[in-house]
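K.L.:
any chance you could fold what I've pasted below:
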Amino acid sequence: MAWRQAWVGVMGMGMATAVAVAEPSLPIAFDQGNPPSMWGEAGQARGVYPTLVTEAARQAGLGVRLSALPWPRALAELEAGTGCVGGAYATPERRRRFQFSEAIWTERIVAVSLEHKALPPVTRWQDLKGQVVGLHRGWSYGETLDRALDGPELKTVRMTYGDRLFMALHAGKVDVVLTDADNVGFEARRLGLEVVVRGTLSHNTTHVICPPGADFAAGLHRLDAGLRRLQEQGRVAALVDAQVRAGEAAKGHPK
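P.N.:
Predicted coordinates for the structure are as follows:
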């Protein structure tokens, strides 16, 4: 069944009856431990991306079913073909295998270290040589940066939740954390850390990514229409700002 209302003719007592079949909701999973962009609280998906997707879907009259999961598990559901993920980057491999919404927002990937560490500015991946780099497990950082981070020249440590990366930074287990810029202030304030952004390494658009199939394609088509309406209304930046502020009160992820 496509992501739209279907009508089924039922023959009974010599009459044709129109029966409304409930429209299914497009299932979209978000990272449950990356506030303020997305997080899980009281079993609900919260943050920038769940809010933008919910509002775009409302504008388009599209039903959505949102969930907050550990990011590797969310990606596993995408791989299994059972659901979509929200707030994810495009990579060549993902483009080959999956379907994408139009851009939701653009993130800035930054290198963060403790303020008292005498580390040089970071403007390219080569500046990270000789340091232990903390990364979000399951994240793409953009095509060029991904190749470097997966290569032999950099030492990396991957963790599932953003707060774990910043705790590792505080404990000296990593020298630098690569994360999205909106995440930095939230985690630093929550953990009481003095940190500094050493530089920006990439800018990446975020998307809803779905498995192959006509049903998912139809849902993404409608979601895109809602995203375009939000852009035309000039509401995206205000919604993002409101959620970044709301993230200050986030509980993070379930322990």
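
K.L.:
quick one: average pLDDT of the longest strand seen in the chain?
P.N.:
Determined from DSSP state E, the single longest strand within the chain is strand 195-210. The predicted model assigns strand 195-210 a mean pLDDT of 96.

K.L.:
list the buried residues in it.
P.N.:
For strand 195-210, burial by neighbour count (16 or more other Cβ atoms under 10 Å) applies to 195, 197-199, 201-202, 204, 206-210. Heads up, the C-betas are built off the backbone N, CA and C, glycines and all.

K.L.:
so what secondary structure elements neighbour it?
P.N.:
The criterion is 3 or more Cβ pairs under 8 Å, 6 or more residues apart in numbering; DSSP states H and E, and the helices and strands that strand 195-210 contacts are strand 84-89, strand 99-100, strand 105-114, helix 143-150, helix 181-191, helix 214-233.

K.L.:
out of these, deepest packed?
P.N.:
Mean neighbour counts were compared across the helices and strands packed on strand 195-210 using mean count of other Cβ atoms under 10 Å; the top stretch is strand 84-89, at a mean of 27.

K.L.:
touching it from outside, list them.
P.N.:
With contacts defined as Cβ atoms under 8 Å, 6 or more residues apart in numbering, strand 84-89 is touched by 26-31, 34, 37-38, 48-50, 53, 66, 74-75, 77-78, 94, 104, 107, 139-142, 204-211, 216, 219.

K.L.:
stretch 111-125 now?
P.N.:
In this structure, residues lying in contact with stretch 111-125 by Cβ under 8 Å, 6+ apart are 127-128, 131, 144-145, 148-149, 154, 169-170, 175-179, 184, 193-201.

K.L.:
so what's the spatially most central residue of the chain closest to, chain neighbours aside?
P.N.:
For the chain, residue 87 is the residue whose C-alpha lies nearest the centre (Cα atoms, centre = their mean; 2.5 Å). Counting by Cβ to Cβ, 6 or more residues apart in numbering, the nearest residue to residue 87 once its immediate chain neighbours are dropped is residue 49, at 3.7 Å.

K.L.:
name the helix or strand for the one you found, please.
P.N.:
Taking DSSP states H and E as the definition, residue 49 sits inside helix 48-60.

K.L.:
can you give me the buried ones in the helix or strand following that helix?
P.N.:
Counting by DSSP H and E, the next helix or strand C-terminal to helix 48-60 is strand 64-69. Neighbour counts over strand 64-69 (16+ other Cβ under 10 Å) mark 64, 66-69 as buried.

K.L.:
tell me what angle the helix or strand that strand 64-69 is followed by forms with strand 84-89.
P.N.:
Moving toward the C-terminus from strand 64-69, the first helix or strand encountered (DSSP H and E) is helix 71-80. Following axes from the mean of the first three to the mean of the last three Cα atoms, to 10 degrees, one obtains 120 degrees for the angle between helix 71-80 and strand 84-89.
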